[in-house]
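Trainee: no sequence on this one, just coordinates:
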């Protein structure tokens, strides 16, 4: 009978142990290995060898009774040999429910429905393991349930409170998703889009920055500050650190009204009280800033922990508690996309309005199209240290395209030289270019390849669209705020290397298709010009300062 990778077993057992369950339901037990392994964890070491002495109740469900064997009878308290659709309404509630290598056997809609139903039968968690790239598989031994029908990634779980870990296994791997039952009934509502009448009052705005590093999140905050200052507002930048050090990063060509370094151990409240409004730059600042007198809000752009990506198991509980304290506070939170708003709603039962990122019209829209002497140029943009950016998938994709006979030049704009394996195609690393020269690297490109596993928004594809470059991107959540497959870009599933390879080859084969997508992409980007976005932010701040929000 079909089985699954042994490499993920220790991770699954560790996740179950965190729950300290008294009852477990194992869905789709196959030959019963998790029943046996869990008895080894909870009972056998304590000399509880007989079923009447088991300390933990472990039940199983198997939809194909021909898989029944002596392990089922020994390791499980009870096994149901029925269809889950017929059985689910009769099941009791368990502490932990296991859905190990089962979800890929359902179409997406049916799989999401199953998750929602199973969450009504667990006190602590629903633990899911599903392959990164499910192998083609039809029925086995007459079991039609073995058919692989879907592949899953982090954005698919946007409606649930979950944590995530990826377990690499050769060129494939397993997604491990732990889904928690909702603590309260969440009413599904469409996120509000910020769109208020313009105000004319000028504000003294304080931005509490999280750091000085070159990251997409800080870059967006700096751009907001720059645009608001250009509209006549007074901008003050705060950063906790050495009082003699700079507050604004060296790469930011921005002059604010005042830079204030707050010494370690001193409170923000002593420095920001005379602002009309304060913007928190990071969620961990919220508990301290919550008590300040000026109106405060936080603009959430997304980060690994928000999307459940917490690699070290001991960190999960303290980080989840820290996030709960921040996101369930009384301060307004604005989300960068409907995707982020959905995640915050699912995890913290908090409604957030949406204000998207904007594209700098002065930088990207006022130039003609350039071409590169190298011919076909593929552009990567992003930090090579961030695993969720998926650059391993990008490199493998281009290796496969090169192996098929396609020829191209790769440019990678990044913060530092990445440590990568040797590649067969030509690649140039563009290290920390001046932000006001970045547009030229886009415009010298023919294709922008964006391979993130998840993103709160995903700025590089929109910048590429603004620059007149054809885009291939993953369905990583936030990009779907503007990216439409076949209309202004090509979209593929995250980490789907065959799909990415096919998309790259398609655009290399068809300059006409590249040009069409690029033209439509530029039209899309115009809707996200900062001239439009910053007016919405400004009006929101006005209302907040006037206690109207």
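Mentor: Here it is on my side, so go on. Computed from a predicted structure; not experimentally measured.
Trainee: Tell me how far the closest residue to residue 381 other than its chain neighbours lies from residue 60.
Mentor: Nearest residue to residue 381, sequence neighbours excluded (CB to CB, 6 or more residues apart in numbering): residue 460, at 4.1 Å. No exception for glycine: its C-beta is placed from N, CA and C like everyone else's. For residue 460, the distance to residue 60 equals 46 Å [CB to CB, to the nearest Å].
Trainee: coming back round to it: what's the neighbour count on the residue nearest to residue 381?
Mentor: 25 (other CB atoms under 10 Å).
Trainee: how about it, what does it touch?
Mentor: For residue 460, the contacting residues are 381-382, 448, 450, by CB atoms under 8 Å, 6 or more residues apart in numbering.
Trainee: let's see it at 10 Å
Mentor: 216, 379-382, 389, 413, 438, 442, 448-450, 452, 469, 471, 473, 479 (CB atoms under 10 Å, 6 or more residues apart in numbering).
Trainee: what do you get for residue 154?
Mentor: By CB under 10 Å, 6+ apart, residue 154 lies in contact with 162, 164, 166, 175, 177, 307-309, 343, 388, 452-455, 476-477, 494.
Trainee: Next: residue 323.
Mentor: Residues near residue 323 by CB under 10 Å, 6+ apart: 283-284, 286, 303, 305-306, 310, 344, 347-348.
Trainee: give me that answer again for 8 Å
Mentor: Counting by CB under 8 Å, 6+ apart, residue 323 touches 283, 305-306, 347-348.
Trainee: Which of these ranks first by neighbour count?
Mentor: Neighbour counts for these peak at residue 347, which has 24 neighbours (criterion: other CB under 10 Å).
Trainee: Now do the strands in the stretch 1-150 of the chain.
Mentor: Applying DSSP state E, counting those that start in this stretch to the stretch 1-150 of the chain gives strands spanning 23-27, 57-61, 78-80, 94-100, 122-131.
Trainee: what would those strands look like in TSV with distance to residue 408 and mean neighbour count?
Mentor: Formatted as TSV, the strands of the stretch 1-150 of the chain follow (distance: least, CB to CB, whole Å; neighbours: other CB atoms under 10 Å):
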stretch	distance to residue 408	mean neighbour count
strand 23-27	45	24
strand 57-61	50	22
strand 78-80	54	17
strand 94-100	41	24
strand 122-131	30	23
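Trainee: export these to a markdown table and tack on mean pLDDT and distance to residue 17?
Mentor: A markdown table is the format used below for the strands of the stretch 1-150 of the chain (pLDDT from 0 to 100; distance: least, CB to CB, whole Å):
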| stretch | mean pLDDT | distance to residue 17 |
| --- | --- | --- |
| strand 23-27 | 97 | 11 |
| strand 57-61 | 97 | 14 |
| strand 78-80 | 96 | 23 |
| strand 94-100 | 98 | 10 |
| strand 122-131 | 97 | 11 |
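Trainee: And for residue 288, nearest residue in space, chain neighbours not counted?
Mentor: Leaving out its chain neighbours, the residue that sits closest to residue 288 by CB to CB, 6+ apart is residue 268, at 5.8 Å.
Trainee: My understanding was that the one you found contacts residue 286; is that so?
Mentor: No: between residue 268 and residue 286 there is no contact under CB atoms under 8 Å: 10.8 Å.
Trainee: Let's have the strands of the stretch 1-150 of the chain in JSON lines, adding distance to residue 148.
Mentor: Below are the strands of the stretch 1-150 of the chain laid out as JSON lines (distance: least, CB to CB, whole Å):
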{"stretch": "strand 23-27", "distance to residue 148": "16"}
{"stretch": "strand 57-61", "distance to residue 148": "19"}
{"stretch": "strand 78-80", "distance to residue 148": "23"}
{"stretch": "strand 94-100", "distance to residue 148": "15"}
{"stretch": "strand 122-131", "distance to residue 148": "8"}
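Trainee: Nearest to residue 182, out of those strands?
Mentor: strand 122-131 (11.0 Å; CB to CB).
Trainee: neighbouring contacts of the helix or strand that the closest one is followed by?
Mentor: Per DSSP states H and E, the first helix or strand lying C-terminal to strand 122-131 is strand 161-169. For strand 161-169, the external contacting residues (CB under 8 Å, 6+ apart) are 5, 7-8, 11, 132, 154, 157, 173-180, 182, 307-311, 316, 320, 346-347, 387, 453.
Trainee: on that earlier part again, helix, strand or coil: sort out the residue nearest to residue 381 for me.
Mentor: The three-state assignment at residue 460 reads helix, by DSSP: H, G, I helix; E, B strand; the rest coil.
Trainee: mind checking how far it is from residue 120?
Mentor: Distance from residue 460 to residue 120, by CB to CB: 40 Å.
Trainee: Likewise for residue 58?
Mentor: Using CB to CB, residue 58 is found at 20 Å from residue 120.
Trainee: try residue 74
Mentor: In terms of CB to CB, residue 74 sits 30 Å off from residue 120.
Trainee: Which residue is the nearest non-sequential neighbour of residue 231?
Mentor: In space, and not counting its chain neighbours, residue 231 is closest to residue 538: 6.3 Å by CB to CB, 6+ apart.
Trainee: for that neighbour, helix, strand, or coil?
Mentor: Here residue 538 is helix, with the state taken from three-state DSSP.
Trainee: Flag the helix or strand of this structure with the lowest per-element mean pLDDT.
Mentor: helix 361-364 (a mean of 77; mean pLDDT, DSSP states H and E).
Trainee: tell me what the next helix or strand after it is packed against?
Mentor: Next helix or strand after helix 361-364 toward the C-terminus (DSSP H and E): strand 377-381. Using 3 or more CB pairs under 8 Å, 6 or more residues apart in numbering; DSSP states H and E, the elements in contact with strand 377-381 are helix 391-403, strand 409-414, strand 447-450, helix 459-466.
Trainee: Which one of the ones you listed lies nearest to residue 363?
Mentor: Smallest distance to residue 363 across these (CB to CB): 8.4 Å, for helix 459-466.
Trainee: and the helices and strands packed on strand 377-381 as a markdown table, adding distance to residue 24?
Mentor: What follows is the helices and strands packed on strand 377-381, written out as a markdown table (distance: least, CB to CB, whole Å):
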| stretch | distance to residue 24 |
| --- | --- |
| helix 391-403 | 34 |
| strand 409-414 | 44 |
| strand 447-450 | 40 |
| helix 459-466 | 42 |
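Trainee: I am finished for the moment; much appreciated.
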